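Asks: Just a sequence and a predicted model for now, questions to come.
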Amino acid sequence: MNLKPLHDRIIVKPSEPEEVSKGGIIIPDTAKEKPQQGEVIAVGNGKITEEGKVLPLQVKAGDKVLYGKYSGTEVNIDGSDHLIMRESDVFAIIS
């Protein structure tokens, strides 16, 4: 993938939605919820302040993150779905 996000944006590959509920019920495609976690694939250089300084991002490629349900813009890269979002849309890094 030759895609580099700009400034404070990141590219996230969402986790696959669950196929079976905890009780063993198979969930049809129409009832699956959008995943709210994924893996960071690429990060931008950082946020530019009003003074022109670049603040580095706290997330890095390879981090597992938790983000808002409707965060980011969906894009298709190399045949798989990804999200491009700002770092501020990320709620937490999952360790």
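Replies: Received it, and whenever you're ready, just let me know what you need. What you are looking at is a predicted structure, and each value in this text was computed from that prediction instead of being measured.

Asks: And the strands in the protein, which stretches?
Replies: 9-14, 37-43, 47-48, 54-55, 64-67, 73-77, 80-86, 90-94 (DSSP state E).

Asks: can you list the weak-confidence ranges in this protein?
Replies: Within the chain, the stretches with pLDDT under 70 are 1, 17-35.

Asks: Which strand residues bridge the most centrally placed residue in the chain?
Replies: Residue closest to the average C-alpha location in the chain (Cα atoms, centre = their mean): residue 12, at 3.0 Å. Going by DSSP bridges, residue 12 is paired in beta bridges with residue 40, residue 83.

Asks: burial count for residue 75?
Replies: By other Cβ atoms under 10 Å, 12 other residues sit near residue 75. Heads up, the C-betas are built off the backbone N, CA and C, glycines and all.

Asks: how far away is it from residue 38?
Replies: Distance of residue 75 to residue 38, computed by Cβ to Cβ, to the nearest Å: 13 Å.

Asks: Which residues are in contact with each of the two?
Replies: residue 83 (Cβ atoms under 8 Å, 6 or more residues apart in numbering).
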